[in-house]
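Novice: build the 3D model from these lines:
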Amino acid sequence: MYKINKKVLGSSNEKQLEIFLEMIAVERAVSVNTILAYTGDLCQFTHFLSSQNRELLSANSDNIRDYLKLLSKHKRAPTSHARKLSVIKQFYRFLYAEGFRIDDPASQIDGPKLGKPLPKYLSEAEVNKLLTTARYKNDERGLRMLALVELLYSAGLRVSELVGLPLSAIARKNSMIVVRGKGSKDRMVPISDIAMTAVENYLEIRDYFIKKDSSSLFLFPSNSKNGHITRNYFSILLKELGNEAEINYKRISPHVLRHSFASHLLANGADLRTLQQFLGHADISTTQIYTHILEDRLKNLVFDKHPLAV
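Specialist: Residues are numbered from 1 along each chain as shown. You can find the predicted model right below:
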């Protein structure tokens, strides 16, 4: 992976890239991680162009196609390939719209065809096994881990939403949490009584994770740069917990638990619109990746309840 280096960009390229990223950050309210990913992808493309004696502002369609061929040659995953092309398309669309170019060299370039892989999720029995294992840990770190996992599975949060929850997100009286999702949009998500109990037990020892004579606005504070437990650290802890629960660590991640939440809700009678609200999806088409679960439930309903079913 190419390491970001401003010297490779050149002064003019750097200026246009900074304007583009600022526009993305302000108008679309994307996360810092998204901005970093966009920067990395465009710098990597710039590095390729420099090997062809080209710059971002003067690249043509053939340059972009050659870059995509190089990605394919290096066996980049189709999703990675598509994401990089998407960033390039957005960048040149921006340059054209703002008058920095008189054409859009990426407009006629098609990305790789992507399949629609079904989301990976754990069975209800596996999730129960994971939670049961977590409940046996009664020290400070164990209580924190149980609260994290219970919240993640109970509310179907994104991992960034979970670790970045402010202390104020917890409303104890009505078992609801306020979640700030993508685009800085807030949503109310109900959580189970069991999850709330786990959070309340954790809150009694929360000060253990705060430096003496200090305070924190985060529900899960730590000494990290952001002031809360990091996504990567939680992912590692989750895999360790899965190992203790005798579940293959390769099958476990925060996103898998989010998928499990969604899949189990649908399997037990929830509808897509409700699920869309819980997951914080702006478009229901994103939620529709779970329709295979809904289809199976409806088929079973017909087979079990229809008067003519054999």
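
Novice: how about the strands in this structure?
Specialist: With DSSP state E applied, the chain shows strands at 170-171, 176-180, 186-190, listed in chain order.

Novice: just the CA trace of stretch 206-213, in PDB.
Specialist: Extracted in PDB, the C-alpha atoms of stretch 206-213 (Å, rounded to 0.1, in the frame of the first residue of the first chain):
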ATOM      1  CA  ARG A 206     -16.400   2.800  35.000                       C
ATOM      2  CA  ASP A 207     -14.000   5.100  37.000                       C
ATOM      3  CA  TYR A 208     -11.500   2.300  36.900                       C
ATOM      4  CA  PHE A 209     -10.700   3.200  33.300                       C
ATOM      5  CA  ILE A 210     -10.300   7.000  34.000                       C
ATOM      6  CA  LYS A 211      -7.100   8.500  35.200                       C
ATOM      7  CA  LYS A 212      -7.100   9.800  38.800                       C
ATOM      8  CA  ASP A 213      -8.300  13.400  39.000                       C
END
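
Novice: buried residues, it. List them.
Specialist: By 16 or more other Cβ atoms under 10 Å, the buried positions in stretch 206-213 come out as Arg206, Phe209. Yep, even glycine has a C-beta here, placed from its N, CA and C like the rest.

Novice: what sits up against it?
Specialist: The set of residues external to stretch 206-213 that reach it, using Cβ atoms under 8 Å, 6 or more residues apart in numbering, is Glu140, Arg144, Ser216, Leu219, Phe220, Pro221, Ser222, Asn223.

Novice: 7 Å instead?
Specialist: Under the criterion Cβ atoms under 7 Å, 6 or more residues apart in numbering, residues Glu140, Arg144, Ser216, Pro221, Ser222 lie in contact with stretch 206-213.

Novice: what is the nearest of those residues to Glu150?
Specialist: Checking those against Glu150 by Cβ to Cβ gives Arg144 as the nearest, at 10.9 Å.

Novice: mind checking how far the residue nearest in space to the middle of the chain is from Leu275?
Specialist: Compute the mean C-alpha point of the chain, and by Cα atoms, centre = their mean the closest residue is Arg158, 5.6 Å away. Summarising the geometry, the distance separating Arg158 from Leu275, computed by Cβ to Cβ, to the nearest Å, is 14 Å.

Novice: which of the strands of the chain is buried the deepest?
Specialist: Mean neighbour count, computed with mean count of other Cβ atoms under 10 Å, is highest for strand 176-180 among the strands of the chain, reaching a mean of 19.

Novice: may I have it as PDB, with CA atoms only?
Specialist: Once non-C-alpha atoms are left out, strand 176-180 reads as follows in PDB (Å, rounded to 0.1, in the frame of the first residue of the first chain):
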ATOM      1  CA  MET A 176     -33.100   3.700  25.100                       C
ATOM      2  CA  ILE A 177     -29.800   5.000  23.900                       C
ATOM      3  CA  VAL A 178     -29.200   8.000  21.600                       C
ATOM      4  CA  VAL A 179     -26.800   7.000  18.800                       C
ATOM      5  CA  ARG A 180     -25.000   9.400  16.500                       C
END
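
Novice: avg pLDDT for it?
Specialist: Averaging pLDDT along strand 176-180 gives 86.

Novice: can you pull out the helices in the stretch 1-150 of the chain?
Specialist: Defined through DSSP state H, counting those that start in this stretch, the helices belonging to the stretch 1-150 of the chain, from first to last, are 6-9, 11-28, 32-51, 61-73, 78-97, 124-135, 140-155.

Novice: in JSON lines: those, plus mean neighbour count.
Specialist: Putting the helices of the stretch 1-150 of the chain into JSON lines (neighbours: other Cβ atoms under 10 Å) gives the following:
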{"stretch": "helix 6-9", "mean neighbour count": "14"}
{"stretch": "helix 11-28", "mean neighbour count": "15"}
{"stretch": "helix 32-51", "mean neighbour count": "17"}
{"stretch": "helix 61-73", "mean neighbour count": "15"}
{"stretch": "helix 78-97", "mean neighbour count": "18"}
{"stretch": "helix 124-135", "mean neighbour count": "17"}
{"stretch": "helix 140-155", "mean neighbour count": "22"}
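
Novice: alright, I will stop here.
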